[in-house]
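*Asks:* quick one: sequence plus predicted model below, questions after.
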Amino acid sequence: VQLVESGGGLAQPGGSLRLSCASSGFTFSKYDMSWYRQAPGKERELVARASSVGGITNYADSVKGRFTISRDNAKNTVYLQMNSLKPEDTAVYYCNANWRYSAITIYNYWGQGTQVFVSS
């Protein structure tokens, strides 16, 4: 199983970045795909999630209206479009794949993370 994030880097406040997470080694379409982030000294937090069925998306309140998660099941890739970036968006962003196979079995995978730094 591999989750490989890309697209991080330095952006100015008000700018945009697009993160990608290319996945392999599992049935991508079965998994809820999410982006998490972790800033220095803080806990990892959920940023956005795209469900495996129904096209349902959820966002942290702090990014609603600025970030958009999307997935391409044909390419096994999930994206995070980040607009109107703020310095407080600075963090390592992680891709996550999660599938509740049964009541007691959950498959959960993480990428290695990509750094986003927002500063003027």
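*Replies:* Perfect, I can see it now. Small disclaimer: the values here were computed from a predicted structure and weren't measured.

*Asks:* so for this protein, the centremost residue is which one?
*Replies:* What sits nearest the mean C-alpha location of the chain, by C-alpha atoms, centre = their mean, is Trp35, with 2.0 Å.

*Asks:* list the buried ones in the strand or helix carrying that one?
*Replies:* Per DSSP states H and E, Trp35 falls inside strand 32-38. By neighbour count with 16 or more other C-beta atoms under 10 Å, strand 32-38 contains the buried residues Asp32, Met33, Ser34, Trp35, Tyr36, Arg37. (Each C-beta comes from the backbone N, C-alpha and C, glycine too.)

*Asks:* excluding chain neighbours, give the residue nearest to the second one in space.
*Replies:* Right, Met33. Nearest residue to Met33 in three dimensions, chain neighbours excluded: Val78, at 4.1 Å (C-beta to C-beta, 6 or more residues apart in numbering).

*Asks:* for the one you found, give its distance to Asn98.
*Replies:* As judged by C-beta to C-beta, to the nearest Å, Val78 and Asn98 stand 12 Å apart.

*Asks:* quick check: bridge partners of the residue nearest to the centre of the chain?
*Replies:* In this entry, Trp35 is beta-bridged to Ala48, Cys95, by DSSP bridges.

*Asks:* surely it meets Arg18?
*Replies:* No - if you go by C-beta atoms under 8 Å, Trp35 and Arg18 don't touch, sitting 11.6 Å apart.

*Asks:* quick check: pLDDT value at Ala103.
*Replies:* We have a pLDDT of 84 for Ala103.

*Asks:* re the thing from before, ok, Val78 and Asn98, which is more surrounded?
*Replies:* Counting neighbours by other C-beta atoms under 10 Å for Val78 and for Asn98 shows that Val78 has the greater number, 30 against 16.

*Asks:* I'd like to know how far that one sits from Ala39.
*Replies:* 21 Å.

*Asks:* with Ile106 instead?
*Replies:* Distance check for Ile106 against Ala39: by C-beta to C-beta, it reads 26 Å.
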